[in-house]
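Engineer: Sequence below, structure please.
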Amino acid sequence: NSETKEKRVHNNVPLAYDFKHPQRVSKDRIRAVENIHEQFCRLFSSTFAASMRMVVDVDLAFVDQPLYGEFILSLPTPCGAFVFTAEPTGGKALLCLSPELMMAVIDRALGGKGVGTSGEMRSLTSIERTIVSKLVSSLLRDFEAAWESHFALEVGDVKLETNPEFIHAANSGDPAIVAAFEAHSTTLNGLMHICYPLSTLEILLPRLGVNTVGQTEDQPRENSVA
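Structural biologist: Here you go, the predicted structure:
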């Protein structure tokens, strides 16, 4: 196909680059975003370990640039998506816990060993929602702290949404930046994602790197966003 070429190799498997969906954020700024989320990763690990009362390792798995709709389609139904506003940008973002992580937190809080189930996600009871929401409140404080040295973000209007069809943070065709984290211990292994529609980060990204937003790596500088 003339519209694709081998762009990256992951685990020795070539990944095709689709020119219909060019990477909208430069490599320098993606590296800066990775650095912010590496800091968040360390805070996440400490917060999660304190909540679980056990050693929990958290790694930044990747930072990628899918379309917003592609990310939403990847979520299970029901899901554990916490939609929030990042002030002062006014944009929305999502913090999504995998079913394994949520059930492990709930199991531990209710006196279990913190085992995450690998089966299909079920609807949460009101008590279970309270347990998970308490953890997410702490994680969102960590989120603010990770961004603090670059931009003073304040999280607000946090809402739990369990049906991906009802999550309206952006249009499905809008570009997004997604950071994925893997948490693992002796009893659990699960993912958490933070998804930013690109419009949420547009005023922040110029502070993070030397290249421009909204252009591919080889586009000229005169098209840059100040």
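
Engineer: Can you say which helix or strand has Arg42 in it?
Structural biologist: Element membership for Arg42, per DSSP states H and E: helix 27-52.

Engineer: Oops, could you answer that again for Lys134 instead?
Structural biologist: Lys134 belongs to helix 126-147 when assigned by DSSP H and E.

Engineer: Mind telling me what element the closest residue to Leu160 other than its chain neighbours is part of?
Structural biologist: Nearest residue to Leu160, sequence neighbours excluded (C-beta to C-beta, 6 or more residues apart in numbering): Phe82, at 5.6 Å. Bear in mind the C-beta positions are built from the backbone N, C-alpha and C, glycine included. Taking DSSP H and E as the definition, one finds Phe82 inside strand 80-87.

Engineer: Give me the sheet partners of that strand and which way each runs.
Structural biologist: With DSSP bridges as the test, strand 80-87 is paired with strand 91-97 (antiparallel), strand 154-161 (antiparallel).

Engineer: For it, output the C-alpha coordinates as PDB.
Structural biologist: The C-alpha coordinates for strand 80-87 follow below in PDB (Å, rounded to 0.1, in the frame of the first residue of the first chain):
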ATOM      1  CA  GLY A  80     -13.800   2.600  34.900                       C
ATOM      2  CA  ALA A  81     -13.300   6.000  33.100                       C
ATOM      3  CA  PHE A  82     -12.900   9.100  35.200                       C
ATOM      4  CA  VAL A  83     -13.500  12.200  33.100                       C
ATOM      5  CA  PHE A  84     -12.200  15.400  34.400                       C
ATOM      6  CA  THR A  85     -11.500  19.000  33.400                       C
ATOM      7  CA  ALA A  86      -7.900  20.300  33.400                       C
ATOM      8  CA  GLU A  87      -8.000  24.000  34.400                       C
END
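
Engineer: Tell me how many other residues crowd Ala152.
Structural biologist: Neighbour count of Ala152, defined by other C-beta atoms under 10 Å: 10.

Engineer: can I get the strands paired with strand 80-87 in CSV with mean neighbour count?
Structural biologist: What follows is the strands paired with strand 80-87, written out as CSV (neighbours: other C-beta atoms under 10 Å):
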stretch, mean neighbour count
strand 91-97, 23
strand 154-161, 14
